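K.L.:
Just a sequence and a predicted model for now, questions to come.
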Amino acid sequence: MPDYREPAAADEAGHASVEQLADLLEGELPVGQAETVTAHMSACPRCAALRDQLGALPQLLSATSVPPLPPAVAARLDAVVAAESARRAAGARQPDTGRQGDEQPDVETVLVPLSRLRRDRVRHWLAGAVTAAAVVLAISVVPDLVGGVGGSADEAASSGADAGGLSDGARGAAPEAAGSLQQTTPDLDSDEFAAGVELLHDSGAQAYRALSGSRPDAPAATDHGLGARSACTTGPSDSVPGTVDALVRVDGELAQLAASGPVAKRRVEAYSCRTGNRLATADVDLTR
Amino acid sequence: MTRRDGGGPADVGATDDRTLLSRHVAGDPDAFGLLVRRHRDRLWAVAIGTLRDPEEAADALQDALVSAFRRADTFRGDAAVTTWLHRIVVNACLDRARRRSVRRAEPLPDDDDQLPPPLTDSVESSAEDGARQQAVLKALRQLPVEQRAALVLVDMEGYSMAEAADVLGCPPGTVKSRCSRGRARLLPLLGAWAPRGPRPAAEVSPDSGVGTVTEPLSTRMRPSRDRSRPSDNPPGPPTRPDPTRR
C-alpha cells in the first residue's frame, strides 16, 4: 500500500480510533486490525455510531456547494485566454515586431503585475475593467453565445449548455461592470506610474486604449473614465494637447491623462483635476 | 478519466475536447477558449475548494489556464483532456497553498472574514443549510491541503478514486488514504454539524457489524447528487446538471 501510515491505535478501553474507522470504511485498514475493530464495534454502540457518522461524511460534503465562479472571474479568464491567443497570433505573424524579445507582452504581466502597484485598489478596478473588455471579447470570439444568432453550426450545436452559461455570465457581468466603473477610478502610485499606465492600457478598457490611438484627443467611447471632461472641469482638457477622456488617480488624486509622441515611446502625463498641475509623467511603450 | 475520448454517441454534433485541443495546437484562436468555457465551472469548484480564498483561487486558475494554453502541445493522448486540465489546476493550487504555508509561519489562520456568504443550492435551502455549509467549508480549511484536495475531488465533486488519482498524480491508494485521514480529521471539527449517520440508532446493533462492509466507502457512498463528471464529451443540456449554476 503506497505510503500507508498506521492509523492511531485503539485507546486503552479498546475503542477504535477515528482513523481506524475511517480507514476501515475506505477498505484501507490492514486485515488484522480490521477484524479487531469490527469485532469491537459489534459490541460497542459508540464506535459503531462513530463509524456511521464517518460513513455519512461524503454525503455531507457532496451536499456542500462551493462558491460559484464569479462572473468577473469568468470574464477575466476569458480575457486572459483571448490575450494569450492574441499574443500567440501576433508572435506567429510577426516574430520580430521591433520589440526586444524579452519585452514581449506576456499575459501574466498584462493582467496580474499588480503586486508592485496599489494592489488592492487597482485590482478591484481591474476586475471591473476586464469584465467590460471581456464582454466585448465574448462578442467577437463567440458571436452565437451573445446574440443568439450567428456562429458556426458546429459550435452552436456543440455547446448548447455552455452557451447558456456564457450568456448568463455576460449578462450578469455587464451591469456589474458599468456600476463599478462609474464608482471607482484606478489609483496609481506616482512611483509606479509607467507600469500603471501600461497596465491600464493593456487591460483593454477603451478609455485607456485611447492612449495609443492615432488621435488621442479624439473623444473616446468611454467604458471607463466616464465623462472625464465634465468630471474634470478644472483640469487640463482645453489647455493640454493630447488629452484623453480618461481619469485615473495618482496617489489618490483625481487626474486626467494626456498622451503624445510615438506609440512605442508615448509620453503620458497625468494632470490633477483639482489644480491642473502635472502629477506624473512616464514614457511608455504602448505598441501592444 | 474513465470515459474514453471520442467515439461515443455523445460525440454526435459536438466537438470533443481532444479535437478542440488539437485545433488549438494547430493555431485555432478560439478553440482553447471554448474548452475553457466548457470546463471552467468544475475547474473553479476544485480551485476554490482547495484554496480558501477566492482571489487566490482565481489567480491559480488563471495561472493554470495560461500554462495549459502554452503547454497544450505537450498533452499526451493517454489521459482525458479534462484530467489534464484538472491536474494543471490542482497543481497550481497546491503550489500556491504550499508557498503560502511557507510564507506564513502559522499554519492555518482562521480567516472567517474572507469566507463568502453562505451559498444556497436551491430554493428550499434554509438558513440552516447555509450554516451547515459554512461549517463544512470552515472545517475543510483546517485540513492539510493534500487531504483537502483529495476530499474536494472525491467527496465534494464526485470524482472516482481513479480519476482523482490521475488528477493528483499519485496512486489510488494514496488518494484513499488522504480521503480517509481527511474524513477522520474533519469529523471532530464539524462538532454539532457532524452527520448523524445514515442509520437509526436501533439498527446499530451487533447484527449490523461492519463485517458486512466489503466495498470501499468511496464506491458505496457516491454523492447523492447527480454530478456532471469530467468527460471529454461536451455534455448536452439534458445531461448536464450543474449544481453551481442557478
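P.N.:
Here it is on my side, so go on. Residues are numbered from 1 along each chain as shown, chains lettered A, B, ... in the order given.
K.L.:
In this structure residue B:31 contacts residue B:23, no?
P.N.:
Yes. Using Cβ atoms under 8 Å, residue B:31 is in contact with residue B:23, at 3.9 Å. Any C-beta I mention is one placed from the backbone N, CA and C, and that applies to glycine too.
K.L.:
Please say which of those two ends up with more neighbours.
P.N.:
residue B:31 (22 against 17; other Cβ atoms under 10 Å in any protein chain shown).
K.L.:
got a pLDDT number for that one?
P.N.:
The score at residue B:31 is 93. That number is its pLDDT.
K.L.:
ok, residue A:23 to chain B distance?
P.N.:
Relative to chain B, residue A:23 is positioned 5 Å away (Cβ to the nearest Cβ, to the nearest Å).
K.L.:
That residue and residue B:178 touch, don't they?
P.N.:
No. Counting by Cβ under 8 Å, residue A:23 does not reach residue B:178; the two are 11.5 Å apart.
K.L.:
For these two, indicate the residue with more neighbours.
P.N.:
Using other Cβ under 10 Å as the criterion, residue A:23 and residue B:178 rank with residue A:23 on top: 29 against 24.
K.L.:
what's next to the helix or strand harbouring the more buried one, contact-wise?
P.N.:
Under the criterion of DSSP states H and E, residue A:23 resides in helix A:18-25. Taking contacts as Cβ atoms under 8 Å, 6 or more residues apart in numbering or on different chains, the residues outside helix A:18-25 that touch it are A:7-10, A:16, A:29, A:33-34, A:37-38, A:47, A:50-51, A:54-55, B:177, B:180-181, B:183-184, B:187-188, B:210, B:213, B:216-217.
K.L.:
run the last query once more with 6 Å
P.N.:
The contact list for helix A:18-25 (Cβ atoms under 6 Å, 6 or more residues apart in numbering or on different chains) reads A:7-8, A:29, A:34, A:37, A:50-51, A:54-55, B:180, B:183-184, B:217.
K.L.:
Ok, stretch B:79-93 next?
P.N.:
By Cβ under 6 Å, 6+ apart, stretch B:79-93 touches B:1, B:17-18, B:21, B:39, B:43, B:47, B:50-51, B:60, B:63-64, B:67-68, B:75, B:149, B:166-167, B:230, B:232.
K.L.:
Could I get the full set of helices for the chain?
P.N.:
No chain in the question, so chain A it is. A:18-25, A:31-42, A:45-62, A:71-93, A:107-111, A:119-141, A:143-147, A:153-158, A:160-183, A:193-202, A:206-209, A:228-231 (DSSP state H).
K.L.:
let's do chain B instead
P.N.:
Under DSSP H, chain B gives helices at B:17-25, B:31-50, B:54-71, B:81-103, B:127-140, B:145-151, B:161-168, B:172-190, B:217-220.
K.L.:
So for residue A:267, which of those helices sits nearest?
P.N.:
For residue A:267, the closest of the helices of chain B is helix B:54-71, at 31.5 Å, according to Cβ to Cβ.
K.L.:
May I see the buried residues of the closest one?
P.N.:
Neighbour counts over helix B:54-71 (16 or more other Cβ atoms under 10 Å in any protein chain shown) mark B:54, B:56-66, B:68-69 as buried.
K.L.:
any chance of those in TSV, with pLDDT and distance to chain A too?
P.N.:
TSV is the format used below for the buried residues of helix B:54-71 (pLDDT from 0 to 100; distance: Cβ to the nearest Cβ, whole Å):
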residue	pLDDT	distance to chain A
B:54	90	6
B:56	90	12
B:57	93	8
B:58	94	5
B:59	93	7
B:60	95	11
B:61	95	7
B:62	94	5
B:63	94	8
B:64	96	10
B:65	96	6
B:66	94	6
B:68	95	10
B:69	95	5
